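A.B. asks: Provided below are the primary sequence and the corresponding predicted coordinates.
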Protein chains: 2
Amino acid sequence: MHFSELIKTIKERREVLQVTQQGLADLSGVGLRTLKQFESGKGNPTLLTLQKIADVLGMEVYLKIKTGTPNK
Amino acid sequence: MHFSELIKTIKERREVLQVTQQGLADLSGVGLRTLKQFESGKGNPTLLTLQKIADVLGMEVYLKIKTGTPNK
DNA sequence: ATTATAAGTGCTGTTTAATGCTCTTTTTAT
DNA sequence: ATAAAAAGAGCATTAAACAGCACTTATAAT
């Protein structure tokens, strides 16, 4: 997943869960500004920040081996 | 995957591919120092840095939904 | 159309990641 | 056992993430 996909995933997941940026900020401990920055595509969060966000959204950061094979 | 798992995964993958930290640094454009920091568990890389590393190792950063169900 | 709520942005200070250089420690060959 | 290669760590500098605040823009509801 490249950057924009990651952002889209986070954003969509947040919306599905009906959490506002403010809510996510509160729950995750990540600053609201940082979230806004990230979701608007202007950020480069640290792994820790990404994990905090993902965590609250019931997701996790994963490292996947690119197989080359059509792989969903 | 929490931090230590990510590190372990990167490290192992690098070793499987027989790439040294120096080699990975060169190939990825990430500073050698940064790699050392990260692999020795003392770093908190940015997403961009992590992606550069993963990329060279034929891996990608993924966001996975935690199902709770035993899920490999 | 107005109002309320959420999302995005400029400005700013503080913290810390990224990097290079040098040195030490560990691992791997010979 | 020793030499060579790789990995780890201290120190210092630069760049950028993190964060809050205030303001604007966009979206949603009445």
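C.D. replies: The structure has been received and is ready for your questions.
A.B. asks: do stretch A:31-45 and DNA strand D meet?
C.D. replies: Yes: applying Cβ under 7 Å from any atom of the strand, one finds stretch A:31-45 touching DNA strand D at A:31, A:32, A:33, A:34, A:37, A:38, A:43, A:44, A:45. All C-beta spots, glycine's among them, are computed from the backbone N, C-alpha and C.
A.B. asks: Report how many residues lie close to the residue nearest to residue A:34 when sequence neighbours are not counted.
C.D. replies: Using Cβ to Cβ, 6 or more residues apart in numbering or on different chains and skipping the chain neighbours, the partner closest in space to residue A:34 is residue A:49 (6.4 Å). Using other Cβ atoms under 10 Å in any protein chain shown, residue A:49 is surrounded by 21 other residues.
A.B. asks: Remind me which helix or strand residue A:49 belongs to.
C.D. replies: Using DSSP states H and E, residue A:49 sits in helix A:47-56.
A.B. asks: Give me the pLDDT value at the spatially most central residue of chain A.
C.D. replies: When Cα atoms, centre = their mean is applied to chain A, the residue found nearest the centroid is residue A:10 (3.8 Å). On pLDDT, residue A:10 comes in at 97.
A.B. asks: Just list the residues touching it, thanks.
C.D. replies: Residues near residue A:10 by Cβ atoms under 8 Å, 6 or more residues apart in numbering or on different chains: A:38, A:39, A:53, A:54, A:57, A:59, B:63.
A.B. asks: what about the residue nearest to residue A:34, distance to DNA strand C?
C.D. replies: For residue A:49, the distance to DNA strand C (Cβ to the nearest atom of the strand, to the nearest Å) stands at 9 Å.
A.B. asks: Brilliant, that's me finished.
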